[in-house]
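> The following comprises the amino acid sequence and a computationally predicted model.
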Amino acid sequence: MSRHRQALLGLLATCLVAESAQAADLPLKAKAIEYVKVCSLYGAGFWYIPGTDTCIKIGGYLRVDTGINAGGPHGQPAWSGDSGQGNRFYDYFSSRSRLALTVDTRTSTEYGVVRTFGEGRFQFNNFGSSNPSTVGAAPTALGGISGTFLDGVGGGYVAVGYVFIQFAGFTFGKSASPFSSPWQGFLGNINSFFIGGETNDNAGVPNVQYTAEFGNGVSATIGAIDPTVFARTPVYNLGIPGAISSSGTGSNAYGGFATPDFAGNVRIDQAWGLLQFSGVAHAVSGSYNALGAGAIPISGATALTDSVLSGHPETKWGGAAMIALQIKNLPTGAGDDIKLDSTYSKGATKYVISTASTSPSFAMFGGSGFAYQSVGFGATSDGVYLPVANGGDGNIHLTTSWGVRGAFNHHWDPYWSTSLFAGYAALSYDGSANDNLGGAGLSTAKGAYCSAFAASHPGQARVASASGNYTCNPDYEVSQVGLLTQWTPVKNLTFSAEVDWFHLYQHMSGSSVFTPSAPQPTALYQFKDQNTVLGEVRVQRNF
């Protein structure tokens, strides 16, 4: 081999070795990173869960409410308890701080979109009372936690708003009722106690429903609702001892949950606004005629056999109907609208005398020209019954109620808006005033109620006595008028201030010597209409 060829082969070998060493030093190819991808199918804020075809959106709000002369931090008028009395246990200022987190997932399928939605609420609030007789120091008999623990330093609690699944037109879980209007009791107000129609604080109720879309904004929904959570006010058994308390209310004698409420609506949603017709059927049942030898059974204890042997009233069906109307595109300005709803119920009072929590019964105190104080009572119920053994007819007499609400919402500019709203509701029991003193006897709701009321309120007669003299009639009406102003200086941050006037028009007349709830003394009280005014301020940041 020539000297030139040897040199060339040596040079090639050197290059190959160098190239192999260089290749060994090169890094391996990195796996592609899967970045979060925006999902534009369902609106702003959605993104794909990596590795799936499911879109998710996380949002919510942080809200701080303060109530002034209110029975709670979110707009309850001072209409019962310590606030209704205005005693020295009453907190004139109440507050609540809430962080609401929402998780919304959606997946396209051959059956349409599968959606899940959940809302958790992390809250702290004071309970509007420091009265040792009304705020417990330990968990309740039913396993709940008392206000003393919840409003202490480091306290608070978690609540559940919506939790539901939607698939092929069906909704399963805790969602807006098929009966509800889109505004669910918030026509122009921020308080959760706008009486005159359904109000559920945008939190939903356990139900199953199906919605059919017919096009052009026309839809229909039918469903079944668990009534024990939202749709009931008490049924009074007027035959038990002390059936009606000194505040005019009674113990709840509802039977167990045997039949759901059946509800539905037909809705027309157009550019000009919305029109909706809703209806619901509601079963009203009593437990037993005599409860545990004349006493309400204690939770966790065994009721005595005379509860069963005493018999029970037959279940009656009641219900409610509502019409809701929204008018948009008003000449007063962009974004302005008018909202109206009107509801009638028979034995389904929760759909009229409704709040974000339980329906209230009213006990409000004020001044009097001749008595120690004046008082206004309003007992809220789905029905009452007096067993035959106690002189009644043994039947449940359904309570009648109706209400109407409206609001005008005006935007002054992109930053300021004002809402003017008003509501009215009436509740009545069948029969005439003082029926128990006349020929009708105890066979009407008024007669049976007034007989039980007289046990703790002497003076129900047609002639004056030392104990006073009054005409008994448990019917009542309530009115509300409010004004809300909101300022949104930057997007998704709103400051709100609301003032509400509440009026109770009760149908009792005259006076009686009796002992109200503590700390009120035994004295002469005049039955009289009552008024209260409250304020609420809110700061809310949506995200």
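That came through fine.
> which regions of the stretch 1-150 of the chain sit below the pLDDT cut-off?
Along the stretch 1-150 of the chain, segments meeting pLDDT under 70 span 1-34, 73, 126-150.
> which residues of it fall in strands?
Using DSSP state E, counting those that start in this stretch, the strands assigned to the stretch 1-150 of the chain run over residues 47-48, 55-68, 93-109, 112-125.
> likewise the stretch 301-450 of the chain?
Here the stretch 301-450 of the chain has its strands, by DSSP E, counting those that start in this stretch, at 316-327, 337-346, 362-366, 373-378, 383-385, 397-398, 400-411, 416-428.
> distance between the longest one and the chain's centre?
Spelled out, it's strand 416-428. Computed by CA atoms, centre = their mean, to the nearest Å, the separation of strand 416-428 from the middle of its chain amounts to 16 Å.
> That strand vs strand 337-346, what angle?
10 degrees (axes from the mean of the first three to the mean of the last three CA atoms, to 10 degrees).
> Give the partner strands of strand 416-428 in its sheet and their orientations.
Here strand 416-428 is paired, per DSSP bridges, with strand 400-411 (antiparallel), strand 476-490 (antiparallel).
> which one of these lies closest to Leu534?
Closest to Leu534 of the strands paired with strand 416-428 is strand 476-490 (CB to CB; 9.2 Å). Every residue, glycine included, has its C-beta placed from N, CA and C.
> wait, Tyr505 sits on Val478?
Yes - here Tyr505 reaches Val478: they are 7.2 Å apart, a contact under CB atoms under 8 Å.
> out of these two, which sits in the busier spot?
When neighbours are counted by other CB atoms under 10 Å, Val478 comes out ahead of the other of Tyr505 and Val478, with 25 against 16.
> So that one is in contact with Ala425, correct?
Yes - judged on CB under 8 Å, Val478 makes contact with Ala425 at a distance of 5.3 Å.
> shared neighbours of these two, anything?
Residues touching both Val478 and Ala425 by CB atoms under 8 Å, 6 or more residues apart in numbering: 195, 353.
> that older thread, with mean neighbour count and mean pLDDT as added columns, please give the strands of the stretch 301-450 of the chain in TSV.
Below are these laid out as TSV (neighbours: other CB atoms under 10 Å; pLDDT from 0 to 100):
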stretch	mean neighbour count	mean pLDDT
strand 316-327	20	98
strand 337-346	21	98
strand 362-366	23	97
strand 373-378	24	98
strand 383-385	28	97
strand 397-398	26	98
strand 400-411	22	98
strand 416-428	19	98
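> Now render the strands of the stretch 1-150 of the chain as a markdown table, adding mean neighbour count and distance to Ile353.
Converted to a markdown table, these look like this (neighbours: other CB atoms under 10 Å; distance: least, CB to CB, whole Å):
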| stretch | mean neighbour count | distance to Ile353 |
| --- | --- | --- |
| strand 47-48 | 15 | 44 |
| strand 55-68 | 18 | 20 |
| strand 93-109 | 17 | 22 |
| strand 112-125 | 17 | 23 |
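> mind putting those in CSV, distance to Ala452 included?
Formatted as CSV, those follow (distance: least, CB to CB, whole Å):
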stretch, distance to Ala452
strand 47-48, 61
strand 55-68, 34
strand 93-109, 33
strand 112-125, 35
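> Please identify which of these is closest to Asn492.
Asn492 lies closest, by CB to CB, to one member of the strands of the stretch 1-150 of the chain: strand 55-68, at 8.4 Å.
> List the neighbouring strands of that closest one plus their orientation.
Using DSSP bridges, the strands paired with strand 55-68 are strand 47-48 (antiparallel), strand 93-109 (antiparallel), strand 530-542 (antiparallel).
> Ok, which of these comes nearest Glu213?
If you check each of those against Glu213 by CB to CB, strand 93-109 wins as the nearest, at 16.7 Å.
> what are the C-alpha coordinates of that closest one, in PDB please?
Extracted C-alpha coordinates of strand 93-109, given in PDB (Å, rounded to 0.1, in the frame of the first residue of the first chain):
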ATOM      1  CA  PHE A  93     -75.300  45.400  62.300                       C
ATOM      2  CA  SER A  94     -74.700  41.900  60.700                       C
ATOM      3  CA  SER A  95     -72.200  40.800  58.200                       C
ATOM      4  CA  ARG A  96     -71.200  37.900  55.900                       C
ATOM      5  CA  SER A  97     -68.200  37.200  53.800                       C
ATOM      6  CA  ARG A  98     -68.500  34.600  51.100                       C
ATOM      7  CA  LEU A  99     -66.100  33.000  48.500                       C
ATOM      8  CA  ALA A 100     -68.000  31.100  45.900                       C
ATOM      9  CA  LEU A 101     -66.100  28.700  43.600                       C
ATOM     10  CA  THR A 102     -67.700  27.200  40.500                       C
ATOM     11  CA  VAL A 103     -66.500  24.300  38.300                       C
ATOM     12  CA  ASP A 104     -68.200  23.900  34.900                       C
ATOM     13  CA  THR A 105     -67.300  21.000  32.600                       C
ATOM     14  CA  ARG A 106     -68.700  20.300  29.100                       C
ATOM     15  CA  THR A 107     -68.000  17.500  26.600                       C
ATOM     16  CA  SER A 108     -69.600  17.100  23.100                       C
ATOM     17  CA  THR A 109     -71.100  13.700  22.400                       C
END
